[in-house]
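Peer 1: Got a predicted structure here, sequence first:
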Amino acid sequence: MSLSDELERQLHYPLADRVPDFGASIELAPGVKWIRMALPFQLNHINLWLLRDRFQGRDGWSVVDCGVDRPDSRANWENVFAHELDGLPVVRVIVTHMHPDHVGLAHWLCEHWNAPLWMSAADYQTARYSCAVSNNFGGNELANYFASHGMRKPEDLQQIRERKFYYTGLVPSMPPAFARLMDHEAFAVGEHTWRCIAGYGHAPEHMALYCEDLNVLIGGDMMLPRISTNVSVYVNEPEADSLTLFLDSIDRLKALPESTLVLPSHGKPFKGLYTRIGQLRDHHRLRLEEVMDAAKTAPVSAYDMLPILFKRTLDLHQTTFALGESVAHLHRLWYGGKLRRERDAQGVWRFARD
C-alpha cells in the first residue's frame with residue numbers, strides 16, 4: 001500500500017468511490033450538486049459545483065468554477081444545461097481562483113447566461129493580465145527565472161521560451177467586469193448563506209466557501225484529499241514565501257467543525273478536515289527536512305532538489321510546477337533563518353546551512 005493510500009484510509013468518503021459521469025451530476029446536499037469534467041493534464045479531472053440560487057429576482061443556479069476552455073468541456077456544459085438545471089438558468093458564476101481549470105470557461109458561461117462573475121480582486125486582475133500579455137506562463141522572462149534557480153539544459157529552456165501562450169490557450173479571455181469576493185464576506189445563495197475564506201500560497205487570493213447551515217466547505221485547491229496542492233514561487237513574485245502563506249491559510253480552516261463535508265476541486269468529497277490539515281503539514285515538514293539534509297554538505301539550488309522532493313519522473317510541464325514548489329520550500333527555510341541564500345558565479349541562487 002502506498003503512502004497516499006494509507007493517508008487516504010484515514011479520511012472518510014461518504015460517497016465511497018461513486019463519482020458523477022462527465023457532464024452529469026450527483027446531489028450532495030439540498031441545493032448542492034457535484035459535476036465533474038475532464039482536464040488535458042496528468043491531473044485529469046476537475047470538480048465543479050452547482051448551488052441552487054435566487055439572484056436578483058431570478059430563480060436558477062450559481063456555478064462554482066468552470067473548467068478549461070476546450071470543445072469537450074463546452075459539450076459537457078451543454079449537457080449540464082440540458083439535463084441538470086431543472087429547466088432553470090445559470091444566474092451567477094463564482095470562481096475560487098485564477099488557474100485555467102477554474103476560470104477558463106468563465107467568459108463563455110457569463111456571456112451564454114448573461115450572468116455576472118464573482119471572484120477575488122487579486123485573482124481577477126491576475127487572470128485579466130495573463131490574458132493580455134503575449135508571454136503568459138512562458139517566454140524569455142520565465143526561462144531566465146528558471147535558469148536562475150538551476151535549470152540549465154538548453155533544450156528545456158528553449159521550450160520554456162517558446163511556450164508563449166499557455167494561459168490564453170486555456171483561458172482565451174475574461175469577462176470585462178466582476179463582483180468582488182472578500183475574506184469573511186457572507187452572501188446568500190438561495191436559502192443558504194456562504195462565507196468566503198481567503199487562502200494564499202497557491203493562488204494570489206483563493207476563495208474557499210463555507211456554508212454553516214449545510215456544514216459544507218467548497219475547498220477549491222486549498223484542501224485536496226489525496227494530492228498536495230501545488231505551492232510555488234513564481235517569476236512575477238520571485239521573493240515570495242508561498243509555503244508559509246499556504247500553511248498559515250490551511251490552519252485557518254481549523255475554525256470549522258471537524259465534521260465538515262469538504263468539496264475539493266480534485267478527488268472525492270470527504271470528511272476528516274483536521275486529519276487532512278495534519279497530513280498536509282506533515283508532508284511539508286518532511287520535505288523541509290529533506291531540503292535541510294541535502295544542504296548539509298554543499299549549497300543547493302531549487303533544481304538540485306527536484307529528484308529529492310519529487311521521486312517520480314517529471315515531464316517538462318510537471319517540472320515547471322515542481323521547480324516553483326522547490327523554490328517555495330527553500331524560501332520558507334531561508335526566511336525562517338535556517339538557510340542562507342547567495343548567487344553563484346553563474347547567476348544561480350544557492351541555499352546553504354551555516
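Peer 2: Here it is on my side, so go on.
Peer 1: how far away is Pro20 from Thr260?
Peer 2: From Pro20 across to Thr260, the span is 21 Å (CB to CB, to the nearest Å). Any C-beta I mention is one placed from the backbone N, CA and C, and that applies to glycine too.
Peer 1: all helices of the stretch 251-354 of the chain, in order?
Peer 2: Listed in chain order, the helices of the stretch 251-354 of the chain (DSSP state H, counting those that start in this stretch) span 273-294, 306-309, 316-335.
Peer 1: The ones you listed into a markdown table, with extra columns for mean neighbour count and distance to Gly87?
Peer 2: Below are those laid out as a markdown table (neighbours: other CB atoms under 10 Å; distance: least, CB to CB, whole Å):
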| stretch | mean neighbour count | distance to Gly87 |
| --- | --- | --- |
| helix 273-294 | 16 | 35 |
| helix 306-309 | 16 | 50 |
| helix 316-335 | 21 | 41 |
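Peer 1: Looking at those, which is nearest to Cys131?
Peer 2: Cys131 lies closest, by CB to CB, to one member of the helices of the stretch 251-354 of the chain: helix 316-335, at 19.2 Å.
Peer 1: burial count for the residue lying closest to Asp304 once chain neighbours are set aside?
Peer 2: Distance criterion CB to CB, 6 or more residues apart in numbering; nearest residue to Asp304, sequence neighbours excluded, is Gly150 at 5.9 Å. Neighbours of Gly150 under the rule other CB atoms under 10 Å: 21.
Peer 1: residues of stretch 218-237 that come out buried?
Peer 2: 218-226, 229-234 (16 or more other CB atoms under 10 Å).
Peer 1: which one of the residues you listed sits closest to Glu162?
Peer 2: Tyr234 (19.0 Å).
Peer 1: got the contact list for stretch 52-59?
Peer 2: Residues from elsewhere that reach stretch 52-59, judged by CB atoms under 8 Å, 6 or more residues apart in numbering: 30-32, 60-62, 88-89, 91-92, 189-191.
Peer 1: Restrict it to CA atoms and write it as CSV.
Peer 2: What follows is stretch 52-59, C-alpha atoms only, in CSV (Å, rounded to 0.1, in the frame of the first residue of the first chain):
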residue,chain,number,x,y,z
ARG,A,52,-29.5,26.3,-6.2
ASP,A,53,-30.0,30.1,-6.1
ARG,A,54,-32.3,33.0,-6.4
PHE,A,55,-30.3,36.0,-7.5
GLN,A,56,-31.6,39.5,-8.5
GLY,A,57,-35.2,38.2,-8.7
ARG,A,58,-34.3,35.1,-10.8
ASP,A,59,-34.5,31.5,-9.8
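Peer 1: Report the distance from it to the chain centre.
Peer 2: Centroid displacement of stretch 52-59 relative to its chain, using CA atoms, centre = their mean, to the nearest Å, is 28 Å.
Peer 1: Nearest to His45, out of the helices of the stretch 251-354 of the chain?
Peer 2: helix 316-335 (16.8 Å).
Peer 1: any idea of the mean pLDDT in that closest one?
Peer 2: Confidence for helix 316-335, expressed as mean pLDDT, is 95.
Peer 1: Residues contacting it, please?
Peer 2: Helix 316-335 has contacts (CB under 8 Å, 6+ apart) with 41-42, 142, 146, 149, 151, 156, 159-160, 201, 230-234, 239-244, 284, 287-288, 291-292, 300, 302-303, 305-306, 309-310, 314, 339-341, 351.
Peer 1: what about 7 Å?
Peer 2: The contact list for helix 316-335, computed with CB atoms under 7 Å, 6 or more residues apart in numbering, reads 42, 146, 149, 151, 156, 159, 230-234, 240-244, 287-288, 291-292, 302-303, 305-306, 309-310, 314, 339, 341, 351.
Peer 1: Any quick PyMOL command for the buried ones out of the contacts of stretch 52-59?
Peer 2: Selection of the buried residues among the contacts of stretch 52-59 in PyMOL, burial being defined by 16+ other CB under 10 Å:
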select buried, resi 31+32+60+61+62+89+91+92+189+190
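Peer 1: which residues does Asp65 contact?
Peer 2: By CB under 7 Å, 6+ apart, Asp65 lies in contact with Ile46, Leu48, Trp49, Val95, Thr96, His102, Ser265.
Peer 1: Could you list which of the residues you listed belong to strands?
Peer 2: Mapping the contacts of Asp65 onto strands (DSSP state E) picks out Ile46, Leu48, Trp49.
Peer 1: Hmm, the second one is touching Lys33, no?
Peer 2: Read that as Leu48. No. With contact defined as CB atoms under 7 Å, Leu48 does not reach Lys33; the gap is 9.2 Å.
Peer 1: show me the contacts for the spatially most central residue of the chain.
Peer 2: Nearest to the mean C-alpha position of the chain, by CA atoms, centre = their mean, lies Asp221 at 3.8 Å. Asp221 sits next to His97, His202, His206, Thr229, Ser265 when contact means CB under 7 Å, 6+ apart.
Peer 1: Rebuild these as JSON lines, extending it with distance to Leu109 and pLDDT.
Peer 2: Converted to JSON lines, the contacts of Asp221 look like this (distance: CB to CB, whole Å; pLDDT from 0 to 100):
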{"residue": "His97", "distance to Leu109": "16", "pLDDT": "98"}
{"residue": "His202", "distance to Leu109": "23", "pLDDT": "98"}
{"residue": "His206", "distance to Leu109": "20", "pLDDT": "98"}
{"residue": "Thr229", "distance to Leu109": "24", "pLDDT": "96"}
{"residue": "Ser265", "distance to Leu109": "17", "pLDDT": "98"}
